[in-house]
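[1] the sequence isn't on hand, but the structure is:
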């Protein structure tokens with residue numbers, strides 16, 4: 001069977017950079033699914049994109065589907081035929097569903113049977129159906145809609161190319177018919193060129209100054225930026241995120257170097273790089289000592305432009321930005337941060353949750369509480385940092401919306417300039433960390449306490465106000481806040497009661513006090529969901545994670561250490577025998593017995609006078625001796641010791657089940673023995689529910 005290549009290009013007005021990568025992924029997944037469903041074999045599939053086009057290429061696509069033969073069985077003879085031998089409604093329905101007449105009636109294994117022959121359809125015919133369907137399967141955060149046809153896309157579609165080898169695949173979408181003309185770079189005198197076939201596409205784009213591959217554009221861009229930095233006496237300041245963004249904003253990137261006044265370098269580095277990065281998409285360079293150079297690198301998407309004609313405009317725009325920043329910075333230094341704190345009364349934090357001043361008071365209390373338990377000796381620095389934490393939000397630099405990403409960072413600079421202790425200034429800088437996946441965690445004790453307090457307060461307030469995440473939407477970044485809580489606790493190795501911390505956070509809101517217990521319970525489940533993901537990311541086995549989360553959890557660091565301990569112990573030869581005994585205890589108990597009760601919950605009573613002499617008494621006495629030992633080991637974080645102590649019960653557990661009839665006909669004896677085993681199970685569950693491990697009995 002002959003094979004040909006397919007080209008499908010959607011040309012549109014410029015897409016936002018954040019739309020492109022998801023669209024590429026969706027188009028590739030949808031194309032692979034459609035081809036599999038249509039039984040069309042191919043050698044390879046690839047999707048590439050620029051801001052103006054999405055291009056799907058399929059190599060080695062078969063010219064037609066293979067013929068399909070399938071046997072279809074219907075109802076049994078007794079259901080398909082009536083007493084008179086005529087077809088029943090079930091029999092008629094079977095033939096009608098397959099589009100067959102009565103002459104096709106056949107039987108196999110006493111059931112109605114039909115063999116369906118489906119000749120394969122030509123690939124070109126199928127592509128005419130599949131390709132427009134692929135466009136409809138690409139979703140964007142915002143879309144345009146064509147009223148007449150109901151078509152949707154993020155930006156106006158300006159052209160469609162659909163070729164199977166040299167054959168045009170005809171269809172229309174969004175009032176645009178497919179053709180052979182490919183758009184070249186818009187700055188070239190010749191804007192379009194016709195393709196003879198799909199194989200022409202790479203050559204035509206290359207001549208037309210379009211680099212289709214985003215990875216190739218990124219690579220070229222990085223090489224050009226690095227070279228320009230060296231020519232200007234330094235090296236490029238790494239910025240992978242900006243590189244990704246700019247590579248997606250161009251079809252043929254080129255770099256020019258510009259200069260700024262060295263006087264601007266007196267400002268903190270972050271102000272200058274933020275002005276470059278966020279407002280102009282410029283890259284920075286630094287010298288061998290890590291100091292910024294008075295140069296910048298702009299990226300433009302015009303292969304015909306002369307850099308000398310673009311450079312003055314870039315320099316003027318950046319200079320204006322930096323002059324504004326310099327003014328804001330100098331003005332802010334005139335007012336001590338502490339004097340700005342009362343201004344926070346006029347700034348609403350979240351509707352219904354008070355002002356930033358109210359938040360400051362809550363942070364002071366909560367951060368001091370956390371510090372007293374996790375970082376004793378740092379309370380004074382933590383409280384001072386909490387008092388000043390939000391003051392830079394009413395500074396000129398941050399409040400004017402030009403440099404909002406520098407919140408916390410500017411507070412750090414102002415605090416140092418105004419003589420505040422370094423730990424306080426550093427905590428101000430670290431309070432929002434981690435800001436996202438891959439971001440650094442706060443490294444200082446005061447910074448960790450302030451960041452932890454800020455995230456717990458944020459979660460408590462939003463949860464209490466009903467501002468919950470739904471599906472993929474999380475406008476208040478509660479998942480990120482919960483993940484930050486998990487990361488800080490684990491990184492610091494902090495042993496903290498999650499319930500107590502959440503109770504402290506929720507108690508700061510007068511409006512929620514009547515339903516505080518419910519908020520704490522729901523928030524705890526939410527954070528444990530993040531912890532489950534964290535354990536999975538650390539490659540702990542799924543069954544072990546479930547065994548640990550099935551029981552009462554209130555200490556995330558202890559949970560991680562339990563996972564590490566049991567992972568290490570699990571490879572030991574005797575492990576299986578031990579957890580088999582533990583599982584025997586659990587499996588005989590009622591399924592509804594809760595495994596996640598807090599330790600302070602009273603045990604079901606065990607009547608000692610009903611305990612039989614011998615093994616039953618032996619198990620009870622061993623349990624009494626073991627309970628305080630296990631509690632002490634758990635408090636000290638010695639989970640290997642916990643497991644070893646519990647393992648010491650295995651012989652007596654096995655003898656108990658050999659000697660004692662747990663489900664005794666006497667209800668009093670039966671209940672008492674189940675209560676004894678329930679108490680033992682709770683001791684085992686203080687480590688994990690071993691019955692959930694896949695190799696448990």
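    Arrived safely, thanks for sending. A quick note: this is a predicted structure, and the numbers were derived from the prediction, not measured.
[2] next, count neighbours for the closest residue in space to residue 201 that isn't next to it in sequence.
    The shortest distance from residue 201 to any residue other than its chain neighbours is 5.1 Å, reached at residue 7 (CB to CB, 6 or more residues apart in numbering). Every C-beta, even on glycine, is put in place using the N, C-alpha and C of the backbone. Neighbour count of residue 7, defined by other CB atoms under 10 Å: 23.
[3] how close does residue 7 get to residue 188?
    20 Å (CB to CB, to the nearest Å).
[4] about what we covered before: how about the residue nearest to residue 201, what does it touch?
    Counting by CB atoms under 8 Å, 6 or more residues apart in numbering, residue 7 touches 55, 56, 57, 161, 162, 163, 195, 198, 201.
[5] quick one: which of the residues you listed is nearest to residue 332?
    For the contacts of residue 7, the minimum distance to residue 332 (CB to CB) is 48.9 Å, reached by residue 55.
[6] surely that closest one forms part of a helix?
    No. Applying DSSP: H, G, I helix; E, B strand; the rest coil, one finds residue 55 to be strand, outside a helix.
[7] domain assignment for the protein?
    The domain map for the chain lists 3-65+122-207, 68-118, 214-333, 338-537, 556-692, with the assignment taken from automatic domain parsing.
[8] can you list the residues that contact the helix or strand hosting residue 568?
    Assigned by DSSP states H and E, residue 568 belongs to helix 556-569. Residues outside helix 556-569 that contact it (CB under 8 Å, 6+ apart) are 486, 489-490, 493-496, 498, 527, 531, 535, 538, 540-541, 544-545, 547-549, 553, 575, 634, 637, 639-640, 643, 687-688.
[9] residues in contact with the most centrally placed residue in the chain?
    For the chain, residue 437 is the residue whose C-alpha lies nearest the centre (CA atoms, centre = their mean; 7.8 Å). Contact analysis of residue 437 by CB under 8 Å, 6+ apart lists nothing.
[10] ok, residue 674 next?
    Contacts for residue 674 (CB under 8 Å, 6+ apart) come out as 588, 589, 590, 604, 662.
[11] go with 10 Å
    By CB atoms under 10 Å, 6 or more residues apart in numbering, the contact set of residue 674 is 588, 589, 590, 593, 604, 606, 662, 663, 664, 681.
[12] residue 143 too?
    Counting by CB under 10 Å, 6+ apart, residue 143 makes contact with 151, 152, 153, 154, 155.
[13] could you check the pLDDT of the second one?
    The confidence metric pLDDT takes the value 93 at residue 152.
[14] try the last one
    Listed pLDDT for residue 155 reads 95.
[15] quick one: the strands in the stretch 151-300 of the chain?
    Under the criterion DSSP state E, counting those that start in this stretch, the stretch 151-300 of the chain contains strands at 152-153, 157-164, 167-168, 172-173, 176-179, 181-183, 192-194, 235-236, 254-259, 283-286, 292-300.
[16] what helices or strands is the third one leaning on?
    For strand 167-168, the contact count by 3 or more CB pairs under 10 Å, 6 or more residues apart in numbering; DSSP states H and E identifies helix 123-136, strand 176-179 as packing neighbours.
[17] model confidence for the residue nearest to residue 332 when sequence neighbours are not counted, exactly?
    Closest residue in space to residue 332, ignoring its immediate chain neighbours: residue 395 at 4.5 Å, by CB to CB, 6+ apart. We have a pLDDT of 94 for residue 395.
[18] residue 395 against residue 336, yeah?
    No. Counting by CB atoms under 10 Å, residue 395 sits too far from residue 336 to count as a contact (11.2 Å).
[19] neighbour count for those two, which is higher?
    residue 395 (24 against 16).
[20] what sits against that one?
    Contacts for residue 395 were tallied using CB under 10 Å, 6+ apart; they are 328-329, 331-333, 335, 337, 340, 343, 403, 406-407, 410-411, 414.
[21] repeat that with 8 Å
    So residue 395 contacts 328, 332, 335, 340, 410, 414 (CB under 8 Å, 6+ apart).
[22] which of these lies closest to residue 267?
    Residue 267 has its nearest neighbour among these in residue 328, at 9.8 Å by CB to CB.
[23] quick one: secondary structure of that closest one?
    Following three-state DSSP, residue 328 is assigned to helix.
[24] returning to that earlier point: if I look at the residue nearest to the centre of the chain, how far off is residue 480?
    Residue 437 sits 8 Å away from residue 480, going by CB to CB.
[25] kindly report the same for residue 69.
    Note on residue 69: its distance to residue 480, by CB to CB, is 54 Å.
[26] my guess is residue 220 meets residue 211, correct?
    Yes. Counting by CB atoms under 8 Å, residue 220 does reach residue 211; the two are 6.8 Å apart.
[27] common neighbours of the two, please.
    Both residue 220 and residue 211 are in contact with residue 253, where contact means CB under 8 Å, 6+ apart.
[28] neighbour count winner among these two?
    Taking other CB under 10 Å, residue 220 and residue 211 do not tie; residue 211 has more neighbours (22 against 18).
[29] enumerate every residue touching the more buried one.
    By CB under 8 Å, 6+ apart, the contact set of residue 211 is 50, 205, 217, 220, 251, 252, 253.
[30] for the second one, give its distance to residue 536.
    When you say that, I think you mean residue 205. Separation of residue 205 from residue 536 (CB to CB): 42 Å.
[31] these two: who's more crowded?
    Higher neighbour count among residue 205 and residue 536: residue 205, with 25 against 12, using other CB under 10 Å.
[32] please verify my assumption that that one contacts residue 183.
    No. Residue 205 is not in contact with residue 183 according to CB under 8 Å; the separation is 9.4 Å.
[33] any shared contact partners between those two?
    By CB under 8 Å, 6+ apart, residue 205 and residue 183 have no common neighbours.
[34] show me what counts as buried in stretch 466-482.
    Residues of stretch 466-482 classed as buried: 467, 469, 476, 477, 478, 480, 481, 482 (neighbour count, 16 or more other CB atoms under 10 Å).
[35] what's near enough to touch the fifth one?
    When contacts are counted by CB under 8 Å, 6+ apart, residue 478 is found next to 458, 459, 462, 463, 467, 468, 469, 526.
[36] in helices only, show me those.
    Those of the contacts of residue 478 mapping onto helices are 458, 459, 462, 463, 526, per DSSP state H.
[37] of those residues, grab the buried ones for ChimeraX.
    The ChimeraX selection below is limited to those of the ones in helices among the contacts of residue 478 classed as buried (16+ other CB under 10 Å):
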select :458,459,462,463,526
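[38] nearest to residue 106, of the ones in helices among the contacts of residue 478?
    Using CB to CB, residue 526 comes nearest to residue 106 of the ones in helices among the contacts of residue 478, at 59.4 Å.
[39] name the nearest residue to the closest one, sequence neighbours excluded.
    Distance criterion CB to CB, 6+ apart; nearest residue to residue 526, sequence neighbours excluded, is residue 482 at 5.8 Å.
[40] please list all residues in contact with the one you found.
    With contacts defined as CB under 8 Å, 6+ apart, the neighbours of residue 482 are 455, 459, 526, 527, 529, 530.
[41] in this structure residue 325 contacts residue 406, no?
    No. Using CB under 8 Å, residue 325 makes no contact with residue 406, being 9.6 Å away.
[42] shared neighbours, those two?
    Counting by CB under 8 Å, 6+ apart, the residues touching both residue 325 and residue 406 are 271, 397.
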